[in-house]
Every structure is written in structure tokens, then in C-alpha cells.
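Student: what follows is a protein structure lacking sequence information:
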């Protein structure tokens, strides 16, 4: 705020000139002085004793030929309540009556062409008072603030500061001296000028304050009150970071009632007539609603997500191994979407959107076994098999077969009489096989392999995980021939199941006559499948483990074939054996090759007859024709 007061002082110099210096006389001329009070600044011009106001200052002297110095003074008094005080300025404000132009000269009132100029530069009182006629400072006038150094009178357009005060005052007085050197070179007469004094209030700093309100309970990190003092009509505050926090809420910004601000933004606070400026920012909050993620055969990156009304949140969901993402169902008032849709096996981004709902809930994310989503033997994996519950070891009519994923939803855990089964195609020859998850925890073919080998580079699953090529030679009786093809498809009837293979063929040539105890590394099972081993361990993928589960033993102990091994869900057949150049024992016996060698000439097999089961027999030569069942790797 700028406070201004102004007063004018008339200056007169009157005299007459003749050949005698005593002829110089003084007369008075008067001019009014105006005193203005503007917004708390008062200015008065007082006499030298500060006892009375004056409107003019008269300098009277008798000019000598060698020069006469005359001086007088007055006091400029300023009073103000302005909290920062004032500055006092002076300038000449006289206009030459003939030219109407402002001048710093003392102008003769009879003949305006006669003037007494002000000094050109600051000069000491001594030099001014002793200036001889014809010298620089002769017939000049000037002003001084200390009666020691006299300065040029400032022009109307140039205000010169002559005083100041930095606090409120009831009357600070600034003395001003007017000095003049005259001689008889100047014509007699009345000479006149006028000075204007202006008191200008110093700018007032405004105190600015920015307050922060929490906008609720339980708020942490709210900024402290910010203050500033500035000589300005406004001040810009930068809102501090970081944003405050509040459990269960999302910070949306600060509001002053008209606009919303974020940390890092600036807000301008304006001052008022009382030299203060305030603003209040209130933290704004959106309540967050929690959606819990319920995973069924899936895994999520977070147990729950939060969002405000009409907000959204994302969470990564991944089907468990062997499962695919079947569905993601949101609570009422929410929408669930998956970036790649369902029926996928890889990690997906689940977006949960609140549709203007003031409540939370549970999102159910569900994975479904891929067992019924595959169609070929070669797609089968350990993970897919493990995605199925392991049934109890019931057999016969107690078994409840499940043939599709929808029906499988009734199964809630292991050791129930529900057996998952599915028909899968072998892509090598398009033969179909029934596959079941059995009580030993493995997936088995429940029909015998009927893959027809040829003599020329037949593609078979040598190492279980990739298809490779193995050549078989044809042999009429296969007697002792490691590479003979042994398949009896020409004699299969409805009572028999699958083809006959020598052990060499069953192991795709990885089994040899030199092996006496170890396991062959390959088989003619489809990719992803293998020959069972013949270990007695109940944890191996073996015939021993299978019989241990269903019959309670894994060695060569007699067991009931008809009820257990031949019935549901195992379904082992009795196709007999090919030996000595002919087929034998069909309908009464069967011999299922394992991957395990027994001696140079024999290998282990599971032997069955109409009454008994021998899970670890090993009496038949490797070149004879037995049956093949495959288990998942």
C-alpha cells in the first residue's frame, strides 16, 4: 500500500539593485501551501523553530558588488501510522509565467527574463557563500539538509529523496536550508520559485498464511502451516510433497473450495487491506472399498485390492500348474475383466472396476483342470495329471467315473470314489485310448497300446518327451532278434486288447540284451508317456506301486485279478502272449512289459491270469511278445 502526502512552499527573493549596495531592499510575496492527508500520511512545513506552519519562505538581503550570501531554513514534518514508515521527496514545482514551463530558477516577477539559476553541482557552503562575481557559483541558489553541503534544486520531473523513517511516527522533522549567493549583477525585483515536498509511505509487507486441514480423522503426513511476509499483493506457496495418508482412503488432492491442488502445485494467496492474506486447503479423500481375491486352483499377486467408488485396481492371477483360468466373478456392483480372457494357462491381469458401489466383496477366481481341455495323448503332462484329485482305491461298482469338467465340480478333494477319465488320441496313428487318474496318483492308459510299427523309420517316443525315430527290422518269429517287430494285430479279437511287442520293441530299442537290471530309457509310448517300471516301491510309476495301492502288495504275491485288476477302473485285459512263433493263453493270461531288465535274456513284467496278479514276474524272454500299458511321465 502506497501512502502519499504533499505540501508546497512558496519561495520569494525580493530586492532592488543600484550602484550602491545599500539600495537593495526586500519586499514579500506570498503563496499558499497545501497540506494533504492521504491514507494516514500528514505533512506540514514549519518555521525554523518548528513553532508554526509557514506557507512561504522569504530571503531578504542587500546585495554587495562582491556577492552576498543569504540563507534561511524550515522543517518538513511528517506524521504517519504506516507500519513501515515513509520516504520524503522534494522537487521544484514552479512554472515560468511567461513560458508556462517548469523551472528551477528563481524568476523575476517583473521581467521573467531575469532569473537566478540553481547551482549546477553540489557545493560546500563556504564555496557558495564566497563565490565572487563572474565565477561558477555566483548568483546561484541551492538547498542543503545539513547547512554544510548545498545541492542543485531538483526539477519538477526529478524527485529527490531528502529524508525517511522506517517506523510509524507522530512527527519526524527534516530540516531544509535554502542558501543563495547574489551580487549587483542581477536586476532588482521580486524573484520567485516553489518547492513541493511529498511524503510517500513505504510499502507494507503482507503476512501470508496457508493452512492445511486433514478433512477427516486418522490422517498422517499433513503439511505444517506455511507462512510468508512479502511486499506484494499476493504470494505463491508451493504445496509440499508427499501427499498425506489415511487408512482406508485414497487422497485425491487439496481443495480451497474452488479448485483442487496436488502436492507440487502452487496456490496464490492474496492480501487484503489489513495487510494479511490467508487460505485454507482441506485434504480430500475417497473412501476405499476392499475386494478380497478368492483363488480356486489359481494364485493371485495380492490377497485383496482396494479402490474408491468408480475406481479400479488390477491384480495378477495365474492358474496353477495343469489348470487353465476358467472364470473371474466379481461381487455385485463390480466388473471383472481379464486381459486375455479365460481358458488361458499363463499369468493374466485381472482388472476389477467399482461401478459406483459403496461396499466391498469377494472376487472369485477359478482355475479348472486342463485334463478335459486336451484331446491328444501328446498334450498330457505331469501337471495336468496332478491337477486331478487322487481317487480312493475302490473298484468295481463303487467307482463313480467322471467324464467332463462340469461333472467334476462335485469332487472336492482326494480319496473319493470319483475317477476322472478322458479319451485321448495318439497323433501318430489316430488311435484313441481311455486315460484315467488312478489311486496311485498317476494317470494310466486303461487300454493296451495298439501302435503298429513298420520297418521303415517309424516315429516313436524314444525318450518320452520328444518324438524320435527308431528302425525295426521285420522278423518272422522274433526269436532272439532285438530289433524285430512284434505286433499281433492280425489276430486281435474282441476278447483281446492292443498289439504284442517284444521288450526290445516296447523300449524302442533302448533296451538291449546286455541290460540285466537297469531301466530302458525310452519306449514306444506316446510323447509324455512311458513304460511303467517294475519296482516294489509304492511311490514309483510302477506296477508295484499300482498293486500296492489296490491290492495291498507290490511283490509276487497272489492277488485277485477278476474283481480288482480286471474290473473298473483298472480294466486290465488277458490277451495272452506271443511266444515260440505263435499266440498263446489268450483270455486266461496277460504279460505287461515294464521298463526294467531282469537278466540278459529276460525282463520284468506284470503277469496276470484269471485268478492271480503277479506284479513282479520276470520269466519270459525279451524277444517274446507281450502287451504295453503306458503311464504319464
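Tutor: Ah, there it is. All values reported here derive from a predicted model rather than from experimental measurement.
Student: for the closest residue to residue 136 other than its chain neighbours, list the residues it contacts.
Tutor: Leaving aside its sequence neighbours, residue 136 sits nearest to residue 120 (CB to CB, 6 or more residues apart in numbering; 7.0 Å). In this view, the C-beta of every residue, glycine as well, is placed from N, C-alpha and C. Residue 120 sits next to 136, 140, 152 when contact means CB atoms under 8 Å, 6 or more residues apart in numbering.
Student: again with residue 439
Tutor: Residue 439 makes contact with 390, 391, 392, 393, 549, 550, according to CB under 8 Å, 6+ apart.
Student: relative to residue 273, which of these is nearest.
Tutor: Residue 273 lies nearest to residue 390 out of the contacts of residue 439, by CB to CB, at 86.4 Å.
Student: looking at this, the closest one is in a helix?
Tutor: No - Residue 390: not assigned to a helix; according to DSSP: H, G, I helix; E, B strand; the rest coil it is coil.
Student: isn't it up against residue 414?
Tutor: Yes - using CB atoms under 8 Å, residue 390 is in contact with residue 414, at 4.6 Å.
Student: for residue 338, which residues make a bridge with it?
Tutor: Counting by DSSP bridges, residue 338 is bridged to residue 350.
Student: not counting sequence-adjacent ones, nearest residue to residue 118?
Tutor: residue 153 is the one closest to residue 118 (CB to CB, 6+ apart), at 4.2 Å.
Student: in this protein, which helix is the longest?
Tutor: Criterion DSSP state H: the longest helix present in the chain is helix 543-551.
Student: just after it, pick out the following helix or strand.
Tutor: Next helix or strand after helix 543-551 toward the C-terminus (DSSP states H and E): strand 577-579.
Student: picking up where we left off before, neighbour count for residue 390 and residue 414, which is higher?
Tutor: Taking neighbours as other CB atoms under 10 Å, residue 390 and residue 414 compare with residue 390 leading, 20 against 12.
Student: now do the phi/psi pair for that one.
Tutor: Main-chain dihedrals, residue 390, degrees, to the nearest 10: phi -90, psi 120.
Student: and the gap between it and residue 443?
Tutor: 10 Å (CB to CB, to the nearest Å).
Student: now do the shared contacts for these two.
Tutor: Common neighbours of residue 390 and residue 443 (CB under 8 Å, 6+ apart) are residue 437.
Student: if we can go back for a sec, number of residues surrounding the residue nearest to residue 118?
Tutor: Residue 153 has 26 nearby residues by other CB under 10 Å.
Student: how near is it to residue 136?
Tutor: Applying CB to CB to residue 153 and residue 136 gives a distance of 16 Å.
Student: ok, now residue 201?
Tutor: Separation of residue 201 from residue 136 (CB to CB) stands at 39 Å.
Student: between these two, who's got more neighbours?
Tutor: It is residue 201, of residue 201 and residue 136, that has more neighbours when counted by other CB under 10 Å, with 23 against 12.
Student: state the pLDDT value of that one.
Tutor: We have a pLDDT of 89 for residue 201.
Student: got it, and residue 226?
Tutor: In this model, residue 226 is scored at 98, pLDDT.
Student: wait, residue 283 sits on residue 220?
Tutor: No - under the criterion of CB under 8 Å, residue 283 makes no contact with residue 220, lying 10.8 Å away.
Student: please enumerate the helices of the chain.
Tutor: Under DSSP H, the chain gives helices at 125-129, 382-386, 405-408, 503-506, 543-551.
Student: what about the fourth one, average pLDDT?
Tutor: Regarding helix 503-506, the rounded mean pLDDT is 86.
Student: how far does it sit from its chain's centre?
Tutor: In terms of CA atoms, centre = their mean, to the nearest Å, the centre of helix 503-506 is set 62 Å apart from its chain centre.
Student: would you mark the buried spots in it?
Tutor: Neighbour counts over helix 503-506 (16 or more other CB atoms under 10 Å) mark 503, 504, 505, 506 as buried.
Student: roughly how far does the third one sit from residue 435?
Tutor: Pointing back at residue 505 there. Separation of residue 505 from residue 435 (CB to CB): 22 Å.
Student: of residue 283 and residue 220, who's got more company?
Tutor: Comparing residue 283 with residue 220 by neighbour count (other CB under 10 Å), the higher total belongs to residue 283, at 23 against 9.
Student: what pLDDT does that one get?
Tutor: So, for residue 283, pLDDT stands at 98.
Student: ok, now which ones touch residue 93?
Tutor: Neighbouring residues of residue 93 by CB under 8 Å, 6+ apart: 8, 102, 156, 194, 195, 196.
Student: count of neighbours near the second one?
Tutor: Read that as residue 102. Counted with other CB under 10 Å, residues neighbouring residue 102 total 15.
Student: same question, residue 170
Tutor: Residues near residue 170, counting by other CB under 10 Å, number 10.
Student: which residue packs closest to it, ignoring adjacent ones?
Tutor: Sequence neighbours aside, residue 79 is the residue nearest to residue 170 in space, at 5.4 Å (criterion: CB to CB, 6+ apart).
Student: can you check residue 158 too?
Tutor: residue 91 (6.2 Å).
Student: tell me who's in contact with that neighbour.
Tutor: In this structure, residue 91 makes contact with 154, 155, 156, 157, 158, 159, 160, 195, 196, 198, judged by CB under 8 Å, 6+ apart.
Student: mind listing which of these are in strands?
Tutor: 160, 195, 196, 198 (DSSP state E).
Student: for residue 319, see how far away the closest residue to residue 423 other than its chain neighbours is.
Tutor: Closest residue to residue 423 in three dimensions, ignoring its sequence neighbours and counting by CB to CB, 6+ apart: residue 432, at 5.3 Å. Going from residue 432 to residue 319 by CB to CB gives 27 Å.
Student: what does residue 250 give?
Tutor: Using CB to CB, one obtains 31 Å as the distance from residue 250 to residue 319.
Student: since that was my last question, I'll sign off now.
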